[in-house]
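Asks: Take this sequence and fold it.
(one chain, ligands or ions: 2)
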Amino acid sequence: MRLIDIQNLETRFDTENGPVAAVNGVSLSVDRGCRHAVIGQSGAGKSILALSILRLLPDNARIRGEVFFKGRELLSCSMEAMREIRGKAIMMIFQNPLATLNPVLDLGTQLCEIPMCHEGVTYAQARQRALEALTLCELPDPERVMQSYPFQLSGGMLQRVAIAMGIICRPDLLIADEPFKGLDARLQQQVGATLYRICQTFSITLLLITHNLKIAHSLCDRVSVMVGGRIVETAATESFFACPDHAYSKRLVEAYDLFSSAIESAPERRCAP
Ligand SMILES: Nc1ncnc2c1ncn2[C@@H]1O[C@H](COP(=O)(O)OP(=O)(O)OP(=O)(O)O)[C@@H](O)[C@H]1O
Ligand SMILES: [Mg+2]
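Replies: Ligands and ions are numbered 1, 2, ... in the order given. As a prediction, this is how the structure comes out:
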């Protein structure tokens, strides 16, 4: 069953230099419980696609098309209805957690306000939920994390806090925009595994925007490739990596295979005795 069904979505920006077509007629549907990766070059329109779903765009943006979420069309519903959907039924993890977190509020306050605002729970209940979410995201010492300010945590810990914020209200759909950005390869795999486990445990549908093909391969059931504001290919993950169809996809997968085999065949480095 389809959870989200995007039909012919177009997002343009009016700029001093004329219109910029960031998303150019995208149709994409994601089934409930599926983990769907969107990959593609920088500037392809991946983030704007995600932000268009949630209507989180600046005033110079013009959106056309239809976005059905659980059968309800989001682009035509009221802003009040959108506010209810955002943060509860659909949550988004943004590209840069440090930029999206409030630097002068401790993380406990920022975590607790999500269920308090969207579900009307008490502070004590919200606190319990926040501790649970941080534990699920494998953050050591959640109590201490709650008292910390964003600048006091490492990049990997902040990404996990961002995931905890994303799942604290158990959304139907989690949109994660580059949740591994800025992490080293080992941490990217760890955070990816955490995301996978949480989505499995709570049947959360995931729309994952990433440049990390290895994580898209291991985490997702389906893959879409975006080029120049359009989706040029959507396929089941295994068949995509075995036999990509579009010329750009072929180049991506070739580079990925080359890189993976180079790493696998590299001699293990050892320090001189
Ligand atoms: N506010 C804006 N005004 C004008 N153009 C914009 C605006 N925001 C984004 N764009 C343009 O929209 C296009 C798509 O941007 P987007 O951020 O979605 O790319 P992306 O695929 O997410 O790239 P990356 O992988 O680097 O994050 C880019 O050409 C970008 O310059
Ligand atoms: Mg982006």
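Asks: where does C271 land on pLDDT?
Replies: Note on C271: pLDDT of 45.
Asks: swap in E113?
Replies: Confidence score, pLDDT, at E113: 95.
Asks: Let me know the distance separating the residue nearest to N96 when sequence neighbours are not counted from ligand 1.
Replies: Nearest residue to N96, sequence neighbours excluded (CB to CB, 6 or more residues apart in numbering): K181, at 6.8 Å. Any C-beta I mention is one placed from the backbone N, CA and C, and that applies to glycine too. As judged by CB to the nearest ligand atom, to the nearest Å, K181 and ligand 1 stand 9 Å apart.
Asks: contact partners of the helix or strand hosting M91?
Replies: Per DSSP states H and E, M91 falls inside strand 90-93. The contact list for strand 90-93 (CB atoms under 8 Å, 6 or more residues apart in numbering) reads 50, 53-54, 56, 69, 86, 162-163, 165-167, 169, 171-177, 179.
Asks: just the buried members of the residues you listed?
Replies: For the contacts of strand 90-93, a burial check counting by 16 or more other CB atoms under 10 Å picks out 50, 53-54, 69, 86, 162-163, 165-167, 169, 171-177, 179.
Asks: which parts of whichever helix or strand comes after the strand holding M91 are buried?
Replies: Using DSSP H and E, the helix or strand that follows strand 90-93 in sequence is helix 97-100. Residues of helix 97-100 classed as buried: P97 (neighbour count, 16+ other CB under 10 Å).
Asks: Who are the packing partners of the next helix or strand after helix 97-100?
Replies: Toward the C-terminal end, the helix or strand that comes next after helix 97-100 (DSSP H and E) is helix 107-119. If contacts are counted by 3 or more CB pairs under 8 Å, 6 or more residues apart in numbering; DSSP states H and E, helix 107-119 sits against helix 123-136, helix 142-147, helix 155-167.
Asks: most tightly surrounded among those?
Replies: For the helices and strands packed on helix 107-119, average neighbour numbers computed from mean count of other CB atoms under 10 Å are highest in helix 155-167, which has a mean of 24.
Asks: any idea of the mean pLDDT for that one?
Replies: Averaged over helix 155-167, pLDDT sits at 91.
Asks: helices or strands up against the helix or strand bottoming out on mean pLDDT in the chain?
Replies: Scoring the helices and strands of the chain by mean pLDDT, DSSP states H and E places helix 97-100 at the bottom, with a mean of 80. With contacts taken as 3+ CB pairs under 8 Å, 6+ apart, helix 97-100 sits against helix 155-167.
Asks: The helix it packs on vs helix 107-119, what angle?
Replies: Counting by axes from the mean of the first three to the mean of the last three CA atoms, to 10 degrees, helix 155-167 lies at 20 degrees to helix 107-119.
Asks: Helix 155-167: how far from the chain's middle?
Replies: Distance, stretch centre to chain centre, for helix 155-167: 11 Å (CA atoms, centre = their mean, to the nearest Å).
Asks: And the next helix or strand past it?
Replies: Toward the C-terminus from helix 155-167 - assigned by DSSP H and E - lies strand 173-177.
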